[in-house]
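*Asks:* Quick one, fold the following:
(chains A and B)
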Amino acid sequence: MNTVGSLPGATQRAAAVKAAYSTMVRLVQSIGQVVHGKSEVIRLAVVALGARGHILLEDIPGVGKTTLARALARATGSKFRRIQFTSDLLPSDVIGVSVWNEEARQFEFKPGPLFANVVLADEINRAAPRTQSSLLEAMSEGRVSVDHFTHTIEQPFLVMATQNPLEHFGTYPLPESQMDRFLLRLRLGYPSRYDERRVIMRGSQFDPVEDLQPAVSPAEVVQMQDTVCLVRVEESLLEYAERVIAETRRSPLLQLGVSPRGFQSWFRAAQARALSEHRDYCVPDDFRELAVPALAHRLVLPGGSQGGYSDALSNGRAEAERILSGIVERISVP
Amino acid sequence: MRFAATHKAVSYLMVTTAFVMLMLTGELPLWLSLGTLMLIAGSYFFDPQQHPLMMGRAYNYSLYALLTVLSLLLFGSAASTDAFWDGGLRLLCLLLVCKLWQRRHNGDYLQAYVISFVMLLGATFVESSMVYALLLFVYVVAVIWTLTLFHLRREMEENYLLKHLPGRHGQAAESERVEVERILNSRRVVGPPFLLTTAGAGLSTFVLALIVFVLLPRFHVTVDLPFHRRMLPSTGFSDRLELGSHGLLRDNPRVVMRVELPGQRPPKQLRLRGVAFARYHHGRWTQQRQGEQPLSVQHGVVTMDLGASDAQRAKAQRTEVYLEPLDADALFTPSPGRTLSLLLPESFAGLPGLQLGSTPDGQILAHGRRSPLHYSVLSLPDVQPDTSPDDVALYRELSPELRLKLRTLALQIVGDAVSSVDRAERLSRYLQQNFGYTTRLWKPSQEEPIFDFLLTEKRGHCEYFATALAVLLRSLDIPSRTVNGYLTAEWNSFGQFFVVRQQHAHSWVEALLPGQGWVIFDPTPPQSSPPRLPVLFKLRQFLDGLDMGFGKYVLEYDVLAQQRLSDRMSSLFPRRASRGSLPGQRVSAQPSDWRAVTAVALFLLMLAAVGWLLWRRLRRVELPVSRDVIEGKGLLRQALLTLKKRGYVRGQGETLQMLSQRLVDASDPCAPPFAKLVEHYYAHRFGDLPLDRAEVGRLIRELQTLAKQHPARSSSLPS
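*Replies:* Below you'll find the predicted structure:
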């Protein structure tokens, strides 16, 4: 990158961008070996990872949500834990407990499954709100407080939660505060005929994810996450994003617009997406394409039904996405 | 604007301005002026870098040798200052042209600047018109642009060939070469903001200089320069006049003087008397200069006529004459009229080698004058000058042969008229009515051209008419003399003055009539003036008026003018006098006080202006959208227009990539170039990368060609 009047350190910056791009490409390729035909979702997952965000996968069972999460963990060569959320799951089952150590005569913290690099929170809406909330601090700050002690979770840290949009018997919808902590909400959807056949023909005697070799190191992932902040966002793009956010807050069709945290997430995600295309600057498409995945689940429709979850879950979600699409279609891009 | 191209353009502006200034002085012959201008223009489009011959050493040395020989020839043969001056000017033009055709690097530009400065100096020695002042302003602005860009370029090309990057983790600093070519072609280094700001700086410099000029006390210092303005050629004002020997000035519109008549209604025409000729012999008039008396100047006043009474002096009228450096030592006075005194500028005493004198026939001569001169004449318009009886014999002198031949003719013409007045009038009218005016010279067949005129040719110009009348009058024993001067009817209503041009030169006769003094007779028939375009005429008058104002208010701005200005200023703002102080003190304190107040006010104004400029500049720096971005948008708009014609209208919230994807989905042939175009635009607009104009232009052309080759299908139209 050799721009006229480049800032000092332009060479280092260019090198960092190149390295981060390479990390992203290797991740996408690696995951693509086991999750077939979902390159766009994989890319967005990697983008979320780059933006230090968490992913909410919302789809029917059996389309590969778990495979995606595991593949991501394997590809980054990091520790993976899966927590199956059920209605009787307790916060301590997630974050860990302090047990009495007789020898040391003190309480000792036994870290829960949350202490990993990639955590799959399967069917998160099945757990009680109390358990769901125990994830809050970990997701936003990367640490856990138990009994006056704060335990830091090592980086990179990515929570990938799944929920089934169709089943809502015995489920607890995620509260707004919880929804707001997910950077992107993704959907996998059915694979194409060809991809589905490939999955079936592969057989089930061996797990392809287990064979997946780490494509990058956790250190590289952290470096990539650091590089995302270097991506330039031109003034007019920022203005564009501000207009969209302001519109969601002003719209009579919505009860609650996007929060500053939501804006920040969108911004960071756009930066990460730019990096995934080997650019050190954002373009309007970065914002435009990520508007729905990054913002729709944060909107609250009138009557209390959430954009992310409601009594008529899929209806509310579709409605929120439709309103948001309407907004971004109306606002002219720079 | 590319950096290199801008530098070249402003350099040429500066150099050409200096050359035009020199050209307008009229010191260069026409062929040299036009030739140099054409060569300068030609060199602009010539790139010596493309021609290895021009870059070679052999070419260089042969050029130097040629120039050396030429300068030796020019200066070696220069016998006089004038020849030296002419040679120098020619050499300057040659040097400039050579430098411009050989612009190999920055240093050559510098040499061209030096030459242009020498040209400017040369023009300054000799030129003092309003156009000069305007061009000087252009030059000042161009100099600031040029030198800024020149130094930028030099720093880049010669001093900072390496760009240093901070070292990382304690390593040594990295260095890489600055890409000179790229920066020279960059459009981001200079733009209109730079040019405007520096032009503003030039303007404020100019204004500041003007303020200093107005406020600083004027000390008159005269420098005798080795070079001086070339005197305007004149004929008929030397001590002798040969009939039919000189060329004509009829069509020369060069201004020789401007005359103001303060407090008077302008007459229809103004006659200015220059020299009078007393002796006539075989077609040659000579002046009577033996009795020339030196005139003494006391505090700028020359008293000519001691005999005038105070009552007469009170009725005297003033005529202000602004004389260009005319190649004649006569000073011109309004005629008819009796000149009482002459007021000369304060600086007059300081003009070196200048002597004033007056002759018995009423001429005033200023010997050794080499510069423009402004003087006022106090004269009595109704009183004819007289001559003492001793001198009258001189004005009756005529060779016996002439007297013999002409007396008969004269007596025939005057007929029964007896009085001198009637006779003179009849003779004058006879010439006016029966003779034709022509500026075409004919060859006199005999020794005495006046016979040819009177008897055979019967046509000629004013000198023939005047001579004929004078001679005829003398044959009748009426004392007479011919007078050469100017007769103008060109009133400049813009500047309220009479313009006198070379073409207004004229000859007439003064006859001494008993009891009336010297009376003017003009036997020349009126000529039809050539048709002129009213617009051009008005424009010329306007420019003339400007020139006059420039001379009056700028060139002649001296201590007195300063005092007058400050008095006028103080009368504009009546001062509240403190009652306690003495009146005398108050008066003496007034002008300097006002000067100080004005200076402070102007200084504050300047400060505010500079502050405002700075503030604007700083604000501009913060603005994110540069002009280049808008230019990029303009290029993109072309492409979008082409797509619109194909039915791809960009939606409001649709990004360019989405539109591009739409093209791909429709498998439109325009999709690939458009995708690349979007990539270029994005990188430029959002990634702050320079726009590859050539590539973008190529892509747009490709897009347009593809659009033409594959007409839009109906399916691609929006539903």
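
*Asks:* helix or strand for the nearest residue to A:Leu238 once chain neighbours are set aside, which one?
*Replies:* For A:Leu238, ignoring the flanking residues on the chain, the nearest one in space by Cβ to Cβ, 6 or more residues apart in numbering or on different chains is A:Phe267 at 8.0 Å. Any C-beta I mention is one placed from the backbone N, CA and C, and that applies to glycine too. A:Phe267 is part of helix A:260-276 when elements are defined by DSSP states H and E.

*Asks:* Tell me the residues on the stretch 201-334 of chain A that lie near chain B, please.
*Replies:* A:232, A:234-237, A:279-285, A:288, A:328-334 (Cβ under 8 Å from any Cβ of the partner chain).

*Asks:* quick one: which of those residues sit in helices?
*Replies:* Judged by DSSP state H, these include A:Glu235, A:Ser236, A:Leu237, A:Pro284, A:Asp285, A:Arg288, A:Val328, A:Glu329, A:Arg330 as members of helices.

*Asks:* Give me the buried subset of the residues you listed.
*Replies:* Neighbour-count burial (16 or more other Cβ atoms under 10 Å in any protein chain shown) applied to these gives A:Ser236, A:Leu237, A:Pro284, A:Asp285, A:Arg288, A:Val328.

*Asks:* from those, which is closest to B:Tyr139?
*Replies:* Relative to B:Tyr139, the closest of these is A:Ser236; by Cβ to Cβ it sits at 41.6 Å.

*Asks:* Could you count how many residues lie near the closest residue to the closest one other than its chain neighbours?
*Replies:* Distances taken as Cβ to Cβ, 6+ apart put A:Pro334 closest to A:Ser236, at 4.0 Å, once the chain neighbours are dropped. Using other Cβ atoms under 10 Å in any protein chain shown, A:Pro334 is surrounded by 18 other residues.

*Asks:* Among the ones in helices among the residues of the stretch 201-334 of chain A next to chain B, list the two that are farthest apart in space.
*Replies:* Largest separation among these by Cβ to Cβ: A:Glu235 and A:Glu329, giving 22.8 Å.

*Asks:* Touching, A:Pro113 and A:Arg81? I think so.
*Replies:* Yes: assessed by Cβ atoms under 8 Å, A:Pro113 is found in contact with A:Arg81 at 4.0 Å.

*Asks:* shared neighbours of the two, anything?
*Replies:* Among the neighbours of A:Pro113, those also in contact with A:Arg81 (Cβ atoms under 8 Å, 6 or more residues apart in numbering or on different chains) are A:Val119.

*Asks:* where are the low-confidence patches of the stretch 201-334 of chain A?
*Replies:* Low-confidence segments of the stretch 201-334 of chain A, defined by pLDDT under 70: A:203-206, A:303-316.

*Asks:* all strands of it, in order?
*Replies:* For the stretch 201-334 of chain A, no strands are identified by DSSP state E, counting those that start in this stretch.

*Asks:* And the residue nearest to A:Leu238, how far from A:Phe157?
*Replies:* To A:Phe157, A:Phe267 is 20 Å away according to Cβ to Cβ, to the nearest Å.

*Asks:* okay, the ones in helices among the residues of the stretch 201-334 of chain A next to chain B in TSV with distance to B:Val649 next?
*Replies:* Below are these laid out as TSV (distance: Cβ to Cβ, whole Å):
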residue	distance to B:Val649
A:Glu235	27
A:Ser236	22
A:Leu237	23
A:Pro284	17
A:Asp285	18
A:Arg288	17
A:Val328	18
A:Glu329	14
A:Arg330	16
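
*Asks:* Now do the phi/psi pair for the residue of the stretch 201-350 of chain B found nearest chain A.
*Replies:* Closest to chain A within the stretch 201-350 of chain B is B:Ala201: 23.2 Å, counting by Cβ to the nearest Cβ. The phi/psi pair for B:Ala201 (degrees, to the nearest 10) reads phi -60, psi -40.

*Asks:* quick one: the helices in chain A?
*Replies:* Using DSSP H, helices in chain A cover A:10-32, A:39-50, A:65-75, A:91-95, A:129-133, A:135-141, A:176-179, A:193-201, A:208-211, A:218-228, A:235-250, A:260-276, A:284-295, A:313-330.
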